[in-house]
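A.B. asks: here you go, sequence then predicted model.
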2 protein chains.
Amino acid sequence: MSTAEETAGGDTQPWGEVTPDAARRLLLAAVEAFAERGYHATTTRDIAGRAGMSPAALYIHYKTKEELLHRISRIGHEKALDILRTASRGEGTATERLADAVSSFVRWHARGRTTARVVQYELDSLGPDARAEIVGLRRQVDAEVRGIIEDGVRSGEFDVPDVPGTTLAVLSLCIDVARWFNVDGPRTPEEVGALYADLVLRMVGAGNAGTS
Amino acid sequence: MSTAEETAGGDTQPWGEVTPDAARRLLLAAVEAFAERGYHATTTRDIAGRAGMSPAALYIHYKTKEELLHRISRIGHEKALDILRTASRGEGTATERLADAVSSFVRWHARGRTTARVVQYELDSLGPDARAEIVGLRRQVDAEVRGIIEDGVRSGEFDVPDVPGTTLAVLSLCIDVARWFNVDGPRTPEEVGALYADLVLRMVGAGNAGTS
DNA sequence: GGCAAGGGTGAGCGAGCGCTTAGCGTGCCC
DNA sequence: GGGCACGCTAAGCGCTCGCTCACCCTTGCC
């Protein structure tokens, strides 16, 4: 919180770029509601109610309920991609960059569990066009992690027989944090991030898990 | 396919115990629909239509739409628990039993992706009572995997600093297969099972990943 | 052949859905 | 200080939802 330049995943408040204030409040309300009950089970009346507005107000700022989900999904995926890129393109060995990427990616999923849930699990609720756009962003996410692992294999730091499969597993592990993480549970986002970074380094056969 | 006694996860056809034939057809239709669109987005008319019946027929065999989900969820969780128990209580070292448990659990998630999706991701759509019952089954699932890992630590096969956290991660990795696995994709359930068993053995620090 | 029982259907109920429209209050420009 | 663009609301439209009800076939027993 004090250090100005920490690792990726810093928390400039998430939805600052959503410009009309009422639109941001509606978006935030939608994130909460979608995360709690799922997109299809959430009513526009519920979203507007959480934002302290009438149901009709939603349609001044968004054309449909789906546009809300689309906006949330795009902003969330861009943030996720940004976190991974920062870690991936930083300085340090592949081992250090992979640990950094995993721990910050996991912290983001744990801290912003509501947002991450919507981003990771409501993809199928989007229409075909919006879905295609988001799938493109997800491919970039995959490429970023695969890149670090390939670097590590090339430098001899990692021992990975199946790079695409291991990439998939690493991302899968991180993403699933959004499903099970509980804010009132026994672990802080930082602890889970550190644990998972260690587990991932073991998965890629990096030395004897490095740091500790 | 030929051997009568293979590892856990054998495929006696899944819903044999659902006794009136029409009830089974409805249940199967509900699994498909819930997996494709989610519980809340699925209509009773859709379920009945897939089963070749009128909407009213559903209510002869099930009291509500939620009872369908509850039945699917309980049967699915019991099957999952059965798979893990078979692997966990088999003979062999902790390394062998963990690999067996992970590979068969993963195969089940990949092969029966539609069922697994409903089982793993529609838990929150259940009412409080049904949800509590299922959560109890999930705790038994967790205990089964944790037991194998504790055995391995005790015997010196594994090196695991955080047993509950690693248990969580192992299960998380397996469960998330239901989210991303694609039947038309490049990997068979068997290949994913083998890859994941290897990765998990690396996570627990078992020798140099054993088998291969 | 009569007839009870149970699986099935067509029609439809009340409710709640996503979304629209007519109109209201407020603040800014001139 | 008059006009108007803008943000918002109350009311409600057309539709579909989960679920019910009155009734109809088939089957098996006497």
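C.D. replies: Cool, the structure landed.
A.B. asks: and the gap between residue A:85 and residue A:206?
C.D. replies: 21 Å (CB to CB, to the nearest Å). Placement of C-beta: from N, CA and C, glycine included.
A.B. asks: residue A:123 too?
C.D. replies: From residue A:123 across to residue A:206, the span is 31 Å (CB to CB).
A.B. asks: next one: residue A:164
C.D. replies: Residue A:164 is 18 Å from residue A:206, by CB to CB.
A.B. asks: out of the two, which sits in the busier spot?
C.D. replies: When residue A:164 and residue A:206 are compared for neighbours, residue A:206 comes out ahead with 22 against 13, by other CB atoms under 10 Å in any protein chain shown.
A.B. asks: from DNA strand D, how far off is the more buried one?
C.D. replies: 49 Å (CB to the nearest atom of the strand, to the nearest Å).
A.B. asks: excluding its backbone neighbours, what's nearest that residue?
C.D. replies: Spatial nearest neighbour of residue A:206, excluding adjacent residues (CB to CB, 6 or more residues apart in numbering or on different chains): residue A:95 at 4.7 Å.
A.B. asks: quick one: contacts for residue A:98?
C.D. replies: Taking CB atoms under 8 Å, 6 or more residues apart in numbering or on different chains, we find residue A:98 in contact with A:148, A:149, A:152, A:197, A:200, A:201, A:204, A:206.
A.B. asks: so for the lengthiest helix in chain A, what gets flagged as buried?
C.D. replies: In chain A, with assignment by DSSP state H, the single longest helix is helix A:128-155. Within helix A:128-155, the residues that count as buried by 16 or more other CB atoms under 10 Å in any protein chain shown are A:130, A:134, A:137-138, A:141-142, A:144-153.
A.B. asks: tell me how many other residues crowd the residue nearest to residue A:206.
C.D. replies: By other CB under 10 Å, neighbour count at residue A:95 equals 22.
A.B. asks: check which helices and strands the longest helix of chain A is in contact with.
C.D. replies: Helix A:128-155 is packed against helix A:65-88, helix A:94-111, helix A:163-175, with contacts defined by 3 or more CB pairs under 8 Å, 6 or more residues apart in numbering or on different chains; DSSP states H and E.
A.B. asks: what's the distance between that helix and the middle of its chain?
C.D. replies: 13 Å (CA atoms, centre = their mean, to the nearest Å).
A.B. asks: how close does residue A:97 sit to DNA strand C?
C.D. replies: Residue A:97 is 42 Å from DNA strand C, by CB to the nearest atom of the strand.
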